[in-house]
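J.: For reference, the sequence and a predicted model appear below.
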Amino acid sequence: MSETPDVYTDAVSLNIGPFGCMLNFALSPAVSPAAGAVAQPVATVRMSLEHLKIVAFLIRRQLREYERQSGVEVAIPADVLNQLRIGREDWEECWGARR
């Protein structure tokens with residue numbers, strides 16, 4: 001049996017279709033994208049839509065529990081939400097009001 005890869009990623013794209021989804025994880029370039037550098041793919045994960053929904057729920061629940069136990073909120077800057085076109089109201093609906 002082959003060894004399980006251990007990768008770091010700081011970029012992701014999500015493609016959803018009627019039969020499943022594909023998560024493409026990548027590593028951002030060390031140089032400015034203006035210099036023509038592109039993200040380096042590190043892993044592709046494919047799963048059913050049902051599996052995706054469960055994984056999303058489990059990640060959210062685990063992160064909220066971490067924040068509760070540690071007393072530390074993992075803050076996301078407004079600039080990042082804007083770049084990802086995530087509205088404040090959508091963010092609050094998912095993660096709840098700030099403590």
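T.: Nice, I can see it. As the structure is a computational prediction, the values presented were derived from the model and not from experiment.
J.: rest of the way, CA atoms for contacts and neighbours
T.: OK.
J.: So what does residue 51 look like in phi/psi?
T.: Dihedral angles of residue 51 (phi, psi; degrees, to the nearest 10) stand at phi -60, psi -40.
J.: Distance check, it against residue 76.
T.: With distances taken as Cα to Cα, to the nearest Å, residue 51 is found 26 Å from residue 76.
J.: Give the buried residues for stretch 51-66.
T.: For stretch 51-66, a neighbour-count test (16 or more other Cα atoms under 10 Å) marks 52, 64 as buried.
J.: Any idea how far it is from the middle of the chain?
T.: Remark: stretch 51-66 is offset 11 Å from the chain centroid, using Cα atoms, centre = their mean, to the nearest Å.
J.: Show me the contact partners of that stretch.
T.: The contact list for stretch 51-66 (Cα atoms under 8 Å, 6 or more residues apart in numbering) reads residue 21.
J.: how about the helices in the chain?
T.: According to DSSP state H, the chain carries its helices in the segments 49-70, 78-83, 88-95.
J.: can you give me the mean pLDDT across the last one?
T.: Read it as helix 88-95. The average pLDDT for helix 88-95 rounds to 91.
J.: Same check on the longest one?
T.: Within the predicted structure, the mean pLDDT of helix 49-70 is 96.
J.: Would you point out which residue is most central in the protein?
T.: Here the mean C-alpha position of the chain is nearest to the C-alpha of residue 12 (Cα atoms, centre = their mean), at a distance of 6.3 Å.
J.: mind giving me the domain split of this structure?
T.: 1-47, 49-99 (automatic domain parsing).
J.: That's all I had, so thanks and see you.
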